[in-house]
Each structure stands twice: as structure tokens, then as C-alpha cells.
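Student: Starting from these lines, generate the structure:
(2 chains)
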There are 2 protein chains.
Amino acid sequence: MPEPLRVGLAGLGTVGCAVYKLLTEKAEHVAARAGQAIRVQAVAARARDRDRGIDLTGVAWHDDPVELARSPDIDLFVELIGGEGDPAHAAVAAALDAGKPVVSANKALLAAHGVELARLAEDRGATIGFEAAVAGGIPIVKTLREAAAGNRVTRVYGILNGTCNYILTRMEEEGLSFEACLAEAQKLGYAEADPTFDIGGQDSAHKLALLSAVAFATAIDVDSIHLEGISSITTEDLEAAAELGYRIKLLGVARRTDTGIEQRVTPTMVPRNSAIAGVKGVLNAVAIDGDEIGEVMLVGPGAGGSATASAVVSDIVDVARGFRQPPFGIPATDLAPYRRARMRAHEGGYYIRLSLYDRPGAFAAIARRMAEQEISLESIVQKDGRAAQSQTPVARRVVLITHETTELQIRKALEAIESDNHIAAAPQMIRIEAP
Amino acid sequence: MPEPLRVGLAGLGTVGCAVYKLLTEKAEHVAARAGQAIRVQAVAARARDRDRGIDLTGVAWHDDPVELARSPDIDLFVELIGGEGDPAHAAVAAALDAGKPVVSANKALLAAHGVELARLAEDRGATIGFEAAVAGGIPIVKTLREAAAGNRVTRVYGILNGTCNYILTRMEEEGLSFEACLAEAQKLGYAEADPTFDIGGQDSAHKLALLSAVAFATAIDVDSIHLEGISSITTEDLEAAAELGYRIKLLGVARRTDTGIEQRVTPTMVPRNSAIAGVKGVLNAVAIDGDEIGEVMLVGPGAGGSATASAVVSDIVDVARGFRQPPFGIPATDLAPYRRARMRAHEGGYYIRLSLYDRPGAFAAIARRMAEQEISLESIVQKDGRAAQSQTPVARRVVLITHETTELQIRKALEAIESDNHIAAAPQMIRIEAP
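Tutor: Numbering: from 1, shown residues only, chains lettered A, B, ... in the order given. Here you go, the predicted structure:
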């Protein structure tokens, strides 16, 4: 066997410690698969004296990850610091600049600077492995970049945030409110104290942006992703969805259209009998549609120290095996500029929930506004539901499922409906995604 | 870009033609991902003048695939001939002997000679890509070998034959007999005129043997796989399964146990709400349990020209990118000898269906035989079902679900039950697999 591959590991949080443990406790197992020993030569983290439950005897310590990244004593730099700015950015750039391959789980960094860093890597003969940045233990980057190389991918979509999926699953199964399920998720450690980044959809958006780049060979544009979080979803929506044969999931969807790439992270209705509807709790799932393979779906744990560490180690083993390829599948200089498909051009079915005042002509007005936009309805469910607000006259819940139409038509119809003043609260609108 | 990679393509059936089309019609797309052009330089097939709907102008023709494999004009040999013997075996060996990487979709060849061929490849600095040999477009070989490299895999299991899954899905959903669904599958082209290889489980066994080798770093032993086909499954079994919250799938299961590797291909009950139970029709699915990633499942089309061609092209692109690794993840000389776990040591729950004569003491005898083997029962369903045979006295259907026990205990109990002569037909026994 050749000399060991010397790894510099920056960031000793949950994932960093899990990577360290995996590489030390399973050194022989990993060496057999990598074709050479993998040795953690040096680490960098903030607090040197914190007890992390790992034995760092004989491992060099750096306070500064940039200094570690530049160290001539390491062959590969693993960045598990997090955050899109410095020191993560500076450290990754320094390692690449020195021609060292980088493995990173940092979706924020790559969503913001991925193409620039890929260019630097390719210029210096280095690589960036980022399997761990998207959907934890699910090998979706490898699948898109390598397994689907012969495919023109038309869509990639999935459940990319386990926290949101846990909350929606609990809301549906137990009939609990969003707030109650969020509190429960926080208690169980599935959600951060400040959960904005998860429940607002930003975390999913970072991952989706990276998947889009690989799937469509296009530049990354996380800012253009249409973003809606899950905090507006009510148990009423989940009940109505169930009645109509659907479930609600926070999906990231990226699709190739005639006018560009549509990217959105939104609560989405999926048919109850579809495979993705069956993905529950903190699991993630990603599906790709390719012109040769059809639809392939991968399901597994999307987070957690061990699963993420497994993805990091898979990228390290690839480096040890001598795999060299552009991070996004084709050279970064050849990635197409990102062409955004306008959300108003989105085509699909829609779920609309209205709190309609119970008075003559109200429903007829709704029906007319839909007809004006040439929107046809697949189903209409009216219930003597709870009043949306304690007003008089009483408002009733009306749920509409539309046939395929465009976002522009739906928005126009909903604007007109609001202007008619027959509804007691802003309409709820949830897109339907066909598997 | 470097010189084109010159491919020799042996076998121009459905998959061979699909590979040819993909590589020619998407030459630019593939070249961008491979880092070099991929050119089909020469082909070999039996009938030169058959119209295959592909334009072979400018492509050299060989009648003998072995001659093609040895040709100095090709850099990579793609074997799509099929069959475990010659000419496929001789051609693959010839290419490897000449140091040429091989890509093959031939599960029979690899199940029979995979380790020997891997040794030859490693000795000559060549590789064998066989993603297309297992589960078509699902990248399970890549996932096991590369993505899960840091994991100790404890189990790999899945639906590995689309024909059987189609038949079982139709039987369950339409209440049709096995024979009727097989005839339908043949009409639709999902089953061969001679379907023995699919419905008897041999096709799944070949695939499972290859997955086992990669998952457990062990030699291949297809002959030791415990094999039961689906022809004994009746609509009664499917109905009883549904009542009890299960579905029946033909699963290939390989599991690491204390006494060796257990490998079986059998009709298996899976909980109705599990992800694998939702995999319907001709789809395939493979799940792996790893100590780091937990369970990851991949679902997709398991056969078909395009999906299989996609897998072949993925292996070709890996070669073009310079990926070099032992075919089974670790060097073939280091693969552990295959240690077979005896099927009688299998532990799990069991479904037992009996045609029990309706007479005093019959049920008590069954219960006693179970108790003698210390088998406890999770549920018992007795129905006024159809008599299993037109005999007197009338026989009733009794279905038992056991708690976890061993195969040895179940077999002893069933032998004793048969010897008691209270049953009108041989017992049906189906293993239960927990996801």
C-alpha cells in the first residue's frame, strides 16, 4: 500500500467528531476500500480544551483553519466549520489554492461560492467533494454527477429538510398544531433553538441550489429560488389534503422548462399513494427524472453525525482512489449561466383553501373568478368548518383542487377573489406536484 | 480534450442498441461529463444484416466478440452478450488480459466467474464495471462500493426482479391468479416466453450474489442462496397478508449473521406501511443497512433498454474519468471466503397458512405443535374459506403469524403438524422481513 493520505480536519462539532471516530475506529476497513490508509494528521477547532469524547493524541492542533488548510503536512482538507463566510471560505480557498482536494459538508458556503471555488479547484488540479452537504447519508450528488451522467435530467425534487418533514408528519398523524410540533422537534433535538433557517425553507434552498447545478450543468443561484416555509400550514390543510388523497410535504423542486430552470422550495401536495408521500419523520428523499433512467428515488437519513460522516468519508475515499472530476460534473467554466424560469409560468395543479362568508352569491363569485382565468376545477369540498375568524357572517371552509394551470392565472384569480370581499382571510394556496 | 475513448461494443440486442444510441445521439453531453469524447469504434454481434434501427456506418464489425475484445483499436470493452459461458466469458477474459477495462451487464457471468475475472482485472491494471448487471438504472453498486465505503453493512435486500413484482402487484390489486398475471406479463413483454428464470428467483439470486460480494467483501456463492419462487403464492395468501397488515414481495435478502452470510430469495411479507411495500409494478428497489448511514433505499426501473444503457454509460464515463478501483470494492484476493449461514438458523417472524380439517381437536393439535417448539403466535385468523381440496371433512383456512423464532423450529413444527394428519394440503410458509 502507498503512504497514508494525510487529512486535515477543520471543525470538531457533531459531524467532525463522527468523521474522526469513523476514520480512527474503522481505519482498517476504510483503508481496504480506499487502497491506502487515511490518517487524520491535524485538526483545527475553536476550543482546544473542550471534551469531545475523542482522543486527539498525536494529532497536530491548529487554532486557525486557514493555517491548517495551507499546512504542507496534509494532503486533503476537510471543512466542517460551516457558514458561507470566513473562516470556512478562506480555509477552503487556501487549500484549493495549494492544489489540495477539499471535502466539505458546508451547503451555505457552496451555495454562495460553489462555482468560484470549483473554478479554483479545477485551475489547481484539485477537487471538491460535497456529498455531505446535501441530504446527509443519501448519495444524491454521486448519483446525479456519475450514475446519471448519460441522462438529460428534467427534474430533481425532494424532501431536503428532516426538521420540516418531522413537523408535517406529526401534524398530520397526531392532528397537532404547527407550534406544538415545532416545540416537540426542538425538545427532541430535531430543530434548532432558532428554527427559522429550517422552517423558512432556506436550508432546503441551499441544498436544492447545489442539486440544480449538478443536474442541469448550470451556475448556482440560490437567491432566485422561490421560497415559502411551512409555518402557514394548518391542521385544516392537512385534513383537507388527506380527504382529497394527498399529503403535504416541504419539497424542493428544480425543473428544466422551455424558459429556464424553475426552482422552488414550498409546501407541496403529493398524491398519498406516491413513494415520496410515504417518506415520514426526519427522513429525506430525493428523486431525479432522467430521459434514460426514468425516475429514480433515494430515501434515507438526511442529517445526523454518523450519516453525514459516512458521506464525508465516501468523498475522502474517492480522493484516495484517485477519482478526479469537476465538482459539478462538467468544468465550472462550462456551466451555463443560470436562466430563471419565472414562477408565474409554473404549470401544475393547485390546492386553494378559502374562508368563504356564508351568503348568497359568494360561491358563484369564486366560480366566476376561476372561470375568468380559464381555470378548471378537479374537486370542490365545502364543509361546515370552524369559522376562520370570529366574525359575522360565519365563514365556511371551501377547498378547491384545480386542474393544471399556470401560477399567473392562479394569482390573478386569487387577487380578484380577494377584491370581491367574500372571504374572511387571505386564501391558502399550495402547489401540487405529480410524481 | 484528450483523444476519444474508443469503445468496442459486443452484443447488439435491446441494451446494446440503446447504449449505441445514447453514445452517438448524446455524444456532446457525454463528452462534457466524461472529460473526453466516447466513440463506439467497433461492434460485434451475430447477425450482421439485421435491421436494428441504428446507423453503424464507419463502425468496424467483428463476427467474433473475442477478436473484438483483443483488438488494439479499442480502449474499453462493453460486454452485452449475456450468458455465463462463452463467448461472453472468453471475450471479457480476453479484454482484461489485454489490460482493457470492461463494462458488463451480464449478471450470470459475474455471479459465476466474478471473482476470477476481478483477479485478472486487478492483475492487469484493468477494471470491471457492472452497475448495469444489478437493478438496471438504480445505482446500487456505486452506492454500496463507494458511497457506503465507510460503513459496515449488515443487510442488503430488495425487489430485484420487475417481472415478479409486476405479477404480485397485479395479483394483489386485481385478485387475479398467478397464472393469469403471468400470462398478462408475457403479453406486455414484461416476462419471457420461458419465465422460469424470473419467477423461480434465479435472476434475483444472481443479482443478490453480486450485491453480497460488494456489501460484505466476500467471495460470490450464488449456489448457496436459498431459493423459492413465486408460483406457490395464491390470492388467498395475498388477501390474508393484506388483512394482517402486510404485502408479499419476492425479496432478495443478504444479511451478515454471527455464523456467516445468510442469502435468500423468497416470497416475503413486508409491513404494508413500509417503503418497500409501496414499490409496485415493474419497479425495483434496494435497501442497505449500514452502521453509519442507517437504512438507505433506492427505487427505480430495474430493467429496460434505456435504464440499463444509462448504467452502462455511467460505468464508461467512470473509466473515462480515470476512476480505478477493485470491482468488488476491495482487492479480489482479499475477499473473505464465503461463509454460509445455514437457513435453519434464520431468525424472524413467519406467516403460516394451513388447510385445517374442521373437526374436534384439530386446532388444539396445531397449537400444541407450535408450543412444543416454543413458537409464540402474534395473530391467528380462521376463516370459513374455500376448502383447499374437495374432500370431506371440510378444510378451513387458518393463518398464523408467529413472533420471532428460527427456521429450524418452524420446520420441526410444520413437520409435526403434517404428521398429525389434520391438514388437507401442505402448509404454506412465508417469511416476514422487518424493514
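Student: How many neighbouring residues does A:A118 have?
Tutor: A:A118 has 26 neighbouring residues, counting by other C-beta atoms under 10 Å in any protein chain shown. C-beta coordinates here come from the backbone N, C-alpha and C atoms, glycine included.
Student: Am I right that it is in contact with A:D334?
Tutor: No: the criterion here is C-beta atoms under 8 Å, and A:A118 misses it with A:D334 at 10.7 Å.
Student: tell me the pLDDT at the residue nearest in space to the middle of chain A?
Tutor: Nearest to the geometric centre of chain A sits A:S204, at 2.9 Å (C-alpha atoms, centre = their mean). On pLDDT, A:S204 comes in at 97.
Student: now for the helix or strand containing A:D289, which elements pack on it?
Tutor: Assigned by DSSP states H and E, A:D289 belongs to strand A:283-290. Judged by 3 or more C-beta pairs under 8 Å, 6 or more residues apart in numbering or on different chains; DSSP states H and E, the packing partners of strand A:283-290 are strand A:153-159, helix A:162-174, strand A:294-301.
Student: I'd like to know how many residues surround the spatially closest residue to A:T218 that is not a sequence neighbour.
Tutor: Nearest residue to A:T218, sequence neighbours excluded (C-beta to C-beta, 6 or more residues apart in numbering or on different chains): A:A336, at 4.7 Å. Using other C-beta under 10 Å as the criterion, A:A336 is surrounded by 13 other residues.
Student: Am I right that A:A336 is in contact with A:A215?
Tutor: No: A:A336 lies out of contact with A:A215 (C-beta under 8 Å); the separation is 11.9 Å.
Student: which residues touch A:L408?
Tutor: Applying C-beta atoms under 8 Å, 6 or more residues apart in numbering or on different chains to A:L408 gives the contacts A:344-345.
Student: Let's verify it: helix, strand, or coil?
Tutor: helix (DSSP: H, G, I helix; E, B strand; the rest coil).
Student: Tell me if I'm right that A:R344 and A:K412 touch.
Tutor: No: here A:R344 lies out of contact with A:K412, judged by C-beta under 8 Å, at a distance of 9.4 Å.
Student: Pull the number of nearby residues for A:P72.
Tutor: A:P72 is flanked by 8 other residues according to other C-beta under 10 Å.
Student: repeat for the one 4 residues further on
Tutor: Look at A:L76: counted by other C-beta under 10 Å, it has 23 neighbours.
Student: now do A:V265
Tutor: A:V265 has 29 neighbouring residues, counting by other C-beta under 10 Å.
Student: quick one, phi psi at the residue lying closest to it once chain neighbours are set aside?
Tutor: Using C-beta to C-beta, 6+ apart and skipping residues adjacent in sequence, the residue nearest A:V265 is A:G201, 4.1 Å away. When quoted as degrees, to the nearest 10, the phi and psi of A:G201 stand at phi 100, psi -10.
Student: Now do A:G201 against A:A336, distance only.
Tutor: According to C-beta to C-beta, to the nearest Å, A:G201 and A:A336 sit 25 Å apart.
Student: Kindly report the same for A:I288.
Tutor: 18 Å.
Student: Then A:G294?
Tutor: From A:G294 across to A:A336, the span is 24 Å (C-beta to C-beta).
Student: Okay, and the beta partners of A:S379?
Tutor: Here A:S379 sits in beta bridges with A:I401, going by DSSP bridges.
Student: residue contacts, it?
Tutor: By C-beta under 8 Å, 6+ apart, the contact list for A:S379 reads A:244, A:399-401.
Student: For chain A, name the helix or strand with the lowest mean pLDDT.
Tutor: The weakest-scoring helix or strand in chain A, judged by mean pLDDT, DSSP states H and E, is strand A:377-383 (a mean of 86).
Student: Can you dump the C-alpha atoms of it in PDB for me?
Tutor: What follows is strand A:377-383 as a C-alpha-only set of coordinates in PDB (Å, rounded to 0.1, in the frame of the first residue of the first chain):
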ATOM      1  CA  LEU A 377     -61.700  22.500 -11.100                       C
ATOM      2  CA  GLU A 378     -61.000  18.900 -10.300                       C
ATOM      3  CA  SER A 379     -62.700  18.900  -7.000                       C
ATOM      4  CA  ILE A 380     -64.600  21.200  -4.600                       C
ATOM      5  CA  VAL A 381     -65.100  20.400  -0.900                       C
ATOM      6  CA  GLN A 382     -67.200  22.700   1.200                       C
ATOM      7  CA  LYS A 383     -67.500  21.900   4.900                       C
END
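Student: tell me which residues of it are tucked away?
Tutor: Using 16 or more other C-beta atoms under 10 Å in any protein chain shown as the test for burial, strand A:377-383 gives no buried residues.
Student: any idea how far it is from the chain center?
Tutor: Distance of strand A:377-383 from its chain centroid, counting by C-alpha atoms, centre = their mean, to the nearest Å, is 32 Å.
Student: end-to-end on stretch A:121-139?
Tutor: By C-alpha to C-alpha, to the nearest Å, the extent of stretch A:121-139 from end to end equals 22 Å.
Student: So which residues on the stretch 301-435 of chain A come close to chain B?
Tutor: Residues of the stretch 301-435 of chain A lying close to chain B (C-beta under 8 Å from any C-beta of the partner chain) are A:301, A:304, A:306-307, A:309-311, A:313-314, A:317-318, A:321-325, A:329-330, A:334.
Student: and the spatially closest residue to A:Y246 that is not a sequence neighbour, what does it touch?
Tutor: Leaving aside its chain neighbours, A:Y246 sits nearest to A:M269 (4.2 Å; criterion: C-beta to C-beta, 6+ apart). Shown in contact with A:M269 (C-beta under 8 Å, 6+ apart): A:241, A:246-248, A:351, A:430-433.
Student: For A:M269, which three-state class applies?
Tutor: strand.
Student: Can you read off the pLDDT for it?
Tutor: Looking at A:M269, its pLDDT is 96.
Student: Residues in a beta bridge with it, which ones?
Tutor: Listed beta-bridge partners, A:M269: A:I248, A:I432 (assigned using DSSP bridges).
Student: for A:N284, same thing?
Tutor: A:G300.
Student: That one against A:T163, yeah?
Tutor: No: the criterion here is C-beta under 8 Å, and A:N284 misses it with A:T163 at 10.6 Å.
Student: Quickly list the domain ranges of chain A.
Tutor: When chain A is parsed with automatic domain parsing, its domains come out as A:5-133, A:140-303, A:347-432.
Student: Of the ones you listed, give the one that comes closest to B:S104.
Tutor: Closest approach to B:S104 among the domains of chain A (C-beta to C-beta): domain A:140-303, 16.4 Å.
Student: mind checking which of the domains of chain A is nearest B:T235?
Tutor: Of all these, domain A:140-303 comes closest under C-beta to C-beta, at 21.3 Å.
Student: Quick one: the helices in chain A, in order.
Tutor: Counting by DSSP state H, chain A has helices at residues A:14-25, A:27-34, A:65-70, A:88-97, A:107-123, A:140-142, A:162-174, A:178-187, A:196-199, A:202-216, A:235-243, A:305-320, A:362-372, A:407-420.
Student: dump the residue contacts of A:G304.
Tutor: So A:G304 contacts A:136-137, B:294 (C-beta under 8 Å, 6+ apart).
Student: which one of these is nearest A:L182?
Tutor: A:G136 (20.9 Å).
Student: Might you report the residue contacts of that closest one?
Tutor: By C-beta under 8 Å, 6+ apart, the contact list for A:G136 reads A:284, A:300-304, A:307-308, A:311, B:293.
Student: please redo it, this time with the cut-off set to 6 Å
Tutor: With contact set as C-beta atoms under 6 Å, 6 or more residues apart in numbering or on different chains, A:G136 has these partners: A:301-303, A:307-308.
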